[in-house]
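Q: Coordinates for the following, if possible.
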Amino acid sequence: MKRQILVGLLVSFSFLALRAADGGGADPVDLVNPFIGTSNFGTTNPGAVCPNGLMSVVPFNVMGSDENKYDKDARWWSTPYEYHNVFFTGFSHVNLSGVGCPEVGSLLLMPTTGNLEVDYRKYGSNYTDEVAHPGYYSNHLVKYNVKTEVTATPRSSVARFTFPKGQSHVLLNLGEGLTNESGAVVRKVSDTEYEGMKLQGTFCYNPQAVFPIYFVMRVSKAPQQAGYWKKQRAMIGAEAEWDPDNGKYKLYKSYQKELAGDDIGVWMDFSTETDEQVEVQMGVSFVSIANARENLETEQQGRGFDAIRAEARKKWNDDLSRILVEGGTATEKTIFYTALYHTLIHPSILQDVNGQYPVMESNEVRMMKEGNRYTVFSLWDTYRNVHQLLTLVYPDRQRDMIRSMISMYDEHGWLPKWELFGRETYTMEGDPAIPVITDSWLKGLRGYDINKAYEAMRKSALTKGSGNPLRPDNDEYMEKGYVALHEQYDNSVSHALEYYIADNALSRLATALGKKEDARLFYNRSLGYRHYYSKEFGMLRPLLPDGSFYKPFNPLQGENFEPSPGFHEGNAWNYTFYVPHDVMGLARLMGGQKKFVDKLQTVFDKGYYDPANEPDIAYAHLFSYFRGEEWRTQVLLRRLLKENFRNVPEGIPGNDDTGTMSAWAVFNMMGFYPDCPGEPAYTLSSPVFDKVTIRLDKTQWGRDKLVIETVRPNPDAVVIGKMELGGKPLRHYRVSHEELLRGGYLKLYLKTGQKF
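A: The predicted structure is shown next:
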């Protein structure tokens, strides 16, 4: 059944009234709209989660019905929820936000009524009346007349189902989900408690990254009867899909104590009165069932749904209130606080309440002695801006994240690349932990072993490629200064550009640590991008093993994620200006400032800029390196914000990449951006708001706030006329972190200026 016509006609009203916060809310938490980014491949979700929490509980609507707008098989999705889908098959527990590959999103909890049905293709339901706020989600299941609500603590969740009178059921489906793994074990502890384990893994189809999640589930009412099911799939071939018409089910009554296998589940039957509520608690752990139970008991402490929901709301409001904005429209505030909300979902805590956590790439369990152990390090994305935001506004969290990364080196022998729940997925390219740690250290964040971190960085920078999982083509890179194209689609240029950025950051850190020879070595290596510069095209171009340029060369090949020789998820236009550590050197290669600016402007004039992917997201800031061209940065950024970030489900221009796109919006709406990873500096632009107050950790930064005030003659003014920092005139548009905080008060005077 498609959405009713009336619903379609009133979609704008329903989205604003039911699915979004009122722009006039007094608290930042009331301004967040969790439905932003839930379509257009943003892959965010509206589920309940606490800031940087391990647990998230999310409506699952991406599998199993002709009613879905898109693909019917969840294995093709990288998100448990898509706004325009309508077929709800339960709440998934522990999910990823904004990623591009399917993983986790399992332990599906589903309420139903009537005759017992355990096939998700049949028990799924359409839904209406969605409501989402940070830490809370609710909907109404049309098929069953059941109201569902969920909320969360950092490591546990609670669902509240309001049933009609009659026969009702609660199902726990352990077979389906986003993960490619379907194996599980479940055991009955008592009439109201079940415990077990679910396999998960193969993120981005890496067969080695498989891991268990342990759970304990409790219901507030003893069921009349309960049991398990096991689905037998048709085994026609590796690519065959299960056909429900040919499949078989085995139902086991409650005398069956436990069950293990693929595609299993738990069913519970209840006789309910009108509007009777049943609560279901879920605790999780990546260490053990005992820890999952302890997490649940410690964090919920016997409290009911409303108390836990209120606590989650407070946690979010406290975190979001670290940045207060004044002026701007209600919509702009919603976009801003939703973006800030998205940046605080990952990385996530990993250790249990007793301090135990799974050791990186090991079966060993260790104990945290201080702070939090973090996981979900999507570093190829977040090294560009998320960690810079955390360093400035949430330094204690960033410090613990760096400690976590260094511990991973201790445990596994390498810094993380794309770590997930104690497993390395080796997704994307580069050596991204280097600029993250370097950036924080150079800004003055301390409290971790920087010498050990440097040891780890140097190891990945100098180890031969045959034994180097972070830089698999390091032999050629170290010998020639570049990576050649050996196969038509091997991403060689993209790899090398990432290494150059990492080596530049490593050179900066080596300088700060007094390691002059290393600093010189890594700095010189960081300039190897020059090998790729083709005078014929005025662009970076793949090189063949003999040093000649690849041909025939089409700078536009690679649009829309089609394969492109030498480039990953993009083309030469998306990568040519991706040399943030040597902008002036690249300009000289291109023939000077004018040619550089003109060519860079072409990226935006001809639509070559890709706002949905990372390599070119800082392009607009590069104009500010050249005196007299800074206005282009200011005008372009305002245009890009309006075009790509909106208060609608499609309001993020592609995968949010664990908060990276949202962090881009947060920084640029405030009026500054860290455009060179590993350099403790920002490029200034014109803020969206009249006043931004960032609450700082005074112990860390020596002051308790950073204020950015903007004076504008009219709402359309975006070009900066003059600037003051700390009450003194400021004439440069790039400032160091130390300079900005020392000044403490940035005042910008806008004027009506140039337009494209």
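Q: Quick one: the strands in the stretch 101-250 of the chain, in order.
A: Under the criterion DSSP state E, counting those that start in this stretch, the stretch 101-250 of the chain contains strands at 106-113, 127-133, 136-141, 146-152, 156-163, 166-173, 183-190, 193-201, 210-219, 225-232, 248-252.
Q: Indicate which one of the ones you listed is closest to S404.
A: Nearest to S404 among these is strand 210-219 (16.6 Å), distances taken as CB to CB. Heads up, the C-betas are built off the backbone N, CA and C, glycines and all.
Q: Which of the helices and strands in this protein ranks last by mean pLDDT?
A: Lowest by mean pLDDT, DSSP states H and E among the helices and strands of the chain is helix 5-9, with a mean of 32.
Q: what residue ranges in the stretch 551-700 of the chain are flagged as low confidence?
A: Within the stretch 551-700 of the chain, no stretch has pLDDT under 70.
Q: And the stretch 51-200 of the chain, by the same measure?
A: 65-76.
Q: Now with 50, please.
A: Within the stretch 51-200 of the chain, the segments meeting pLDDT under 50 span 70.
Q: can you list the residues that contact stretch 289-299?
A: 153-156, 195-197, 214-216, 218, 281-285, 352-354, 356 (CB atoms under 8 Å, 6 or more residues apart in numbering).
Q: Please list only the buried members of these.
A: For these, a burial check counting by 16 or more other CB atoms under 10 Å picks out 153-156, 195-197, 214-216, 218, 281-285, 352-354, 356.
Q: Strands of the stretch 451-600 of the chain, start to end?
A: Using DSSP E, counting those that start in this stretch, strands in the stretch 451-600 of the chain cover 533-534, 539-540.
Q: Quick one: list the elements packing against the last one.
A: Here strand 539-540 touches strand 533-534, helix 572-575, going by 3 or more CB pairs under 8 Å, 6 or more residues apart in numbering; DSSP states H and E.
Q: List the pairing partners of it within its sheet, with orientation.
A: Here strand 539-540 has these sheet partners by DSSP bridges: strand 533-534 (antiparallel).
Q: per-residue confidence averaged over the partner strand?
A: Strand 533-534 carries an average pLDDT of 98.
Q: Show me how far it is from its chain's centre.
A: Here strand 533-534 is found 34 Å from its chain centre; the criterion is CA atoms, centre = their mean, to the nearest Å.
Q: ok, now stretch 145-161?
A: 23 Å.
Q: can you pull the contacts of the closest residue to N206 other than its chain neighbours?
A: Spatial nearest neighbour of N206, excluding adjacent residues (CB to CB, 6 or more residues apart in numbering): T425 at 4.9 Å. T425 makes contact with F203, C204, N206, A209, K417, W418, E419, according to CB under 8 Å, 6+ apart.
Q: Which phi and psi values does F91 adopt?
A: phi -100, psi 120 (degrees, to the nearest 10).
Q: From here on, call the first residue 487.
A: Right, with 487 as the first residue, what we last looked at is F577.
Q: hmm, back to that, now the strands of the stretch 587-736 of the chain in JSON lines, with distance to P566?
A: Listed next are these as JSON lines, based on distance: least, CB to CB, whole Å:
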{"stretch": "strand 592-599", "distance to P566": "9"}
{"stretch": "strand 613-619", "distance to P566": "14"}
{"stretch": "strand 622-627", "distance to P566": "12"}
{"stretch": "strand 632-638", "distance to P566": "12"}
{"stretch": "strand 642-649", "distance to P566": "14"}
{"stretch": "strand 652-659", "distance to P566": "13"}
{"stretch": "strand 669-676", "distance to P566": "17"}
{"stretch": "strand 679-687", "distance to P566": "13"}
{"stretch": "strand 696-705", "distance to P566": "15"}
{"stretch": "strand 711-718", "distance to P566": "20"}
{"stretch": "strand 734-738", "distance to P566": "24"}
